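# Give me coordinates for this.
(chains A and B)
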Amino acid sequence: MRFIDYIVTALRNIWRQKLRSLLTIFAVVIGATSVTIMLALVTGAKTFFRSQVEANGMLQQVAVSQKSDIKDFNDASHSGGNCDSCTKLTDAIITKIKTVPHVVEVARQMRVGAFEAVSFSGKKYTLEQVYATDANGVIHNNILAGHDLQPSDKEGVAVFTSDYADKFGFKGNYNGLIGKQISLQSRSFYSGVGAVVKQPVPCNGPCDNKLQQPPTVLTATIVGIMDTSTTSTAVRVPVDWAIGMNQERHYEFTKADQIAQEAACKNARGACNSTQHMSLITTNFVDTNGYDQLVVKADNAKNAKQVAADIKKFNVGAADAESMINSQLAIFNVVGLVLGGIGGIALAVAAIGVVNTMVMAILERTREIGVMRAVGARRSTVSRLFTFEASLLGFWGGVFGVGVGYGLTRIANVFINKQLASQSVQAHDIITLPIWLILTVIAVTTMIGMLAGLYPAHRAAKLDPVEALHYE
Amino acid sequence: METKTPAIELKHVTKTYKLGGETLNALDNVSLVAQAGEFIAITGPSGSGKSTLANIIGGLDKPTSGDVIVDGQDLSHVRDRALSDYRNHHIGFVFQSFNLQGSNTALENVIMPLVFAKMRGKQRKARALECLQAVGLGDRVNHKPSQLSGGQRQRVAIARALAVKPSIIIADEPTGNLDSARGAEIMKLLQDLNHQGITLLIITHDQTIARLAHRMVSIHDGKLVEHRG
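Predicted coordinates for the structure are as follows:
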């Protein structure tokens, strides 16, 4: 029997039992649709995630940390504190890193923890995070309105994430926010740039001359709005401004002040009650603790791993984004396996349906099998014919299942697109149905049909032709 | 002097079945020779072993012992593949209950053995039409069995048996489900085929039909007890 005859005969036999075949195919459709949608979701999520990462240039980036034992890219940030295995990230280290082959640029990164609120149009909003990164092209932010920070920006400007813009009442009109002034309100201990540091009242002997500072308000002009999906809720300011914000300033009666006062008293007539002179002491957080993190840009994503390895030789931690991305993608794989497994159960049930249908078909067609054998069908021919029939049930189930799955993913994309648009995320149709997935699902359901048909086919082939011819 | 190879040669063929603990001899040391083009009627009471004999000659069954040589081919020890090919190329079966596929047309029923013979589409359609015309059903090719009379159904079955140009036709009670007029027509058709050189083996209870044969073989309790020309 020729291959095409197997197909034609199997299709005709399926068509002969329309209702039963349709019900069996329907069961496969349910399984195939579940698997298709679940895998499409996971595949779409992975593709979306990767595209976002690529758009941010993360694949070219290497995160450098004070901690030498960082696990991955996301583990790099460290803001001082006790750490045995830490190396301060200083300008000297940056100079060294710039000599590493394939390094294009280095961006400094630091957080400012002294601000707690932002005021706009008379309303006060909680401030989640203020941070700074060099605007030197290493870190790309998805700017929805205005522009990102420029290398020439020193202070008084900020880029906000879109969720702030939404809170400020500029949802859908981010451009309207550009150029507007906002106020950053510090916590009470703030003594950095812009703070009016008061000199304490002179005292004799030991006393606390670090007075509580009243909250300081810094004004910034909004120059850009960032996509929230690419970064967490935050306000980004120029690094130079952040360094100033992270200063700690206070008045102190220094040794020099003491010498000066003693000299003044020596020359004074009578009791020496001159007002104590105190010096304003400024401590740069960066000088004492270094930068929180550095982000190094390699010339090519392929070189990022090597760059990380070379930077580690400076006794700092370094990790490229690939391992982080892979670990994130591994989570998607696990989710995919779990969801696929649920669809797999539906397919397993469908497979039992195929077995049942085929066994019934054999019982009904026993005499026909006898005739086929009498006119020259080999055992293998009968076996293949029934296997083809079962495979075709799986095949059509897969085809219709993928079709239904495609329709449902299109509908789901419409809703997801709306949701993403409402969050100002520039992405659409993230649930994708790649051709490999379509072919895989059809191949798998066909295979399941085939496997489910093996036992009935074996039974059919084993039938004794003489007994089959006399079967009532 | 020309020595003709027999079309069918059975040598000491025995076929036993085990039913529960008992052994039943369906055929007991049967030997038979049939020349090519011969018309043999196999008669005997029900359960005597005549269908078993026909099945063994037709390659549907294998003997427990003894040799079965058909068209020079020993069937006793061949595997399923060779036996199936033998049935496809050498044997045409005609059954009492026609055994047509109800969902298929007359043409599709006749095409069936040609599909197993791997004949291509156009050729096999042409051959099936030729066979249906030969049995007088050229105008019924697209009719389904349910749309045909008993006699016509048996003609379709004969056309199916003829499709692969067999050297032997084995007909098991071919007129058993037909009235005498239709039965006579079918027998006339089979006799015509025999006259064209096809060896014809008919299993029948009907002595009238048996008498039409060149030779009548009678089986009782698995033994070939009568053997006359």
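
# And the residue of the stretch 351-472 of chain A that's closest to chain B?
Relative to chain B, the nearest point of the stretch 351-472 of chain A is residue A:376 (2.4 Å; C-beta to the nearest C-beta). (Glycine included, C-beta is placed from N, CA and C.)

# in what helix or strand does the nearest residue to that residue once chain neighbours are set aside lie?
Excluding the flanking residues, the one nearest residue A:376 by C-beta to C-beta, 6 or more residues apart in numbering or on different chains is residue B:88, at 2.4 Å. Using DSSP states H and E, residue B:88 sits within helix B:80-90.

# Figure out the length between the terminal residues of stretch A:174-187.
28 Å (C-alpha to C-alpha, to the nearest Å).

# For residue A:142, which phi and psi angles does the backbone take?
Torsion angles at residue A:142 (phi, psi; degrees, to the nearest 10) stand at phi -80, psi 100.

# Helices along chain A, start to end?
For chain A, the helices defined by DSSP state H occupy A:3-16, A:18-55, A:91-97, A:162-167, A:239-245, A:255-267, A:285-289, A:304-312, A:321-364, A:366-374, A:379-422, A:435-462, A:465-469.

# now these in CSV, with distance to chain B, mean pLDDT and mean neighbour count?
CSV is the format used below for those (distance: least, C-beta to the nearest C-beta, whole Å; pLDDT from 0 to 100; neighbours: other C-beta atoms under 10 Å in any protein chain shown):
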stretch, distance to chain B, mean pLDDT, mean neighbour count
helix A:3-16, 5, 90, 16
helix A:18-55, 11, 86, 20
helix A:91-97, 73, 92, 15
helix A:162-167, 66, 88, 22
helix A:239-245, 79, 92, 22
helix A:255-267, 108, 81, 12
helix A:285-289, 84, 86, 17
helix A:304-312, 59, 91, 20
helix A:321-364, 11, 85, 17
helix A:366-374, 5, 93, 23
helix A:379-422, 5, 91, 20
helix A:435-462, 9, 92, 20
helix A:465-469, 5, 90, 20
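
# Next, the contact list for the residue in chain B that chain A sits nearest to, please.
Per C-beta to the nearest C-beta, residue B:88 is where chain B lies closest to chain A, at 2.4 Å. Residues near residue B:88 by C-beta atoms under 8 Å, 6 or more residues apart in numbering or on different chains: A:375-377, B:113, B:116-117, B:164.

# Report the contact partners of residue A:373.
So residue A:373 contacts A:379, A:382, A:463, A:465, A:468, B:60, B:84, B:87 (C-beta under 8 Å, 6+ apart).

# Now the two most distant members of these.
Maximum pairwise distance among the contacts of residue A:373 (C-beta to C-beta): 14.9 Å, between A:463 and B:87.

# Leaving out the residues flanking it, which one is nearest to the spatially most central residue of chain A?
The residue lying closest to the centre of chain A (C-alpha atoms, centre = their mean) is residue A:49, at 5.3 Å. Excluding the flanking residues, the one nearest residue A:49 by C-beta to C-beta, 6+ apart is residue A:328, at 6.5 Å.

# circling back to that earlier point, hang on, the residue of the stretch 351-472 of chain A closest to chain B packs against residue B:114?
No: when contacts are counted by C-beta atoms under 8 Å, residue A:376 is not listed as touching residue B:114 (9.3 Å).

# so what sits against both of the two?
The contact sets of residue A:376 and residue B:114 overlap at residue B:164 (C-beta under 8 Å, 6+ apart).

# so how far is residue B:54 from the residue nearest in space to the middle of chain B?
Centroid check for chain B by C-alpha atoms, centre = their mean gives residue B:170 as the closest residue, at 1.3 Å. The spacing between residue B:170 and residue B:54, counted by C-beta to C-beta, to the nearest Å, is 5 Å.

# Find residues that contact each of the two.
Shared contacts of residue B:170 and residue B:54 (C-beta under 8 Å, 6+ apart): B:201, B:203.

# now the helices for chain B?
B:50-57, B:80-90, B:106-116, B:121-134, B:150-162, B:180-195, B:207-210.

# packing partners for the fifth one?
Counting contacts by 3 or more C-beta pairs under 8 Å, 6 or more residues apart in numbering or on different chains; DSSP states H and E, the secondary-structure elements packed against helix B:150-162 are strand B:91-94, helix B:106-116, helix B:121-134, strand B:168-172, helix B:180-195.

# Hmm, residue A:320 and residue A:308 touching each other?
Yes: counting by C-beta under 8 Å, residue A:320 is a contact partner of residue A:308 at 4.7 Å.

# Show me the common contact partners of these two, please.
Common neighbours of residue A:308 and residue A:320, counting by C-beta under 8 Å, 6+ apart, are residue A:62.

# Name the residues linked to residue 67 by a beta bridge.
As the question left the chain open, I've gone with chain A. residue A:86 (DSSP bridges).

# that's the wrong chain, I wanted chain B
Applying DSSP bridges, one finds that residue B:67 bridges with residue B:11.

# Do I have it right that it meets residue B:14?
No: with contacts counted by C-beta under 8 Å, residue B:67 stays clear of residue B:14, the gap being 10.9 Å.

# OK, contacts around residue B:171?
Taking C-beta under 8 Å, 6+ apart, one finds B:93-94, B:190, B:200-203 in contact with residue B:171.

# Tell me the buried residues within these.
B:93-94, B:190, B:200-203 (16 or more other C-beta atoms under 10 Å in any protein chain shown).

# can you redo the helices and strands packed on helix B:150-162 as TSV with distance to residue A:422?
Listed next are these as TSV, based on distance: least, C-beta to C-beta, whole Å:
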stretch	distance to residue A:422
strand B:91-94	74
helix B:106-116	61
helix B:121-134	60
strand B:168-172	79
helix B:180-195	81
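
# Up against chain A, what does chain B have?
B:55, B:58, B:60-61, B:80-81, B:84-85, B:87-89, B:93, B:95, B:99, B:101, B:103, B:112-113, B:115-118, B:160, B:164 (C-beta under 8 Å from any C-beta of the partner chain).

# repeat that with 7 Å
B:55, B:60-61, B:80-81, B:84-85, B:87-88, B:93, B:99, B:101, B:103, B:112-113, B:115-118, B:160 (C-beta under 7 Å from any C-beta of the partner chain).
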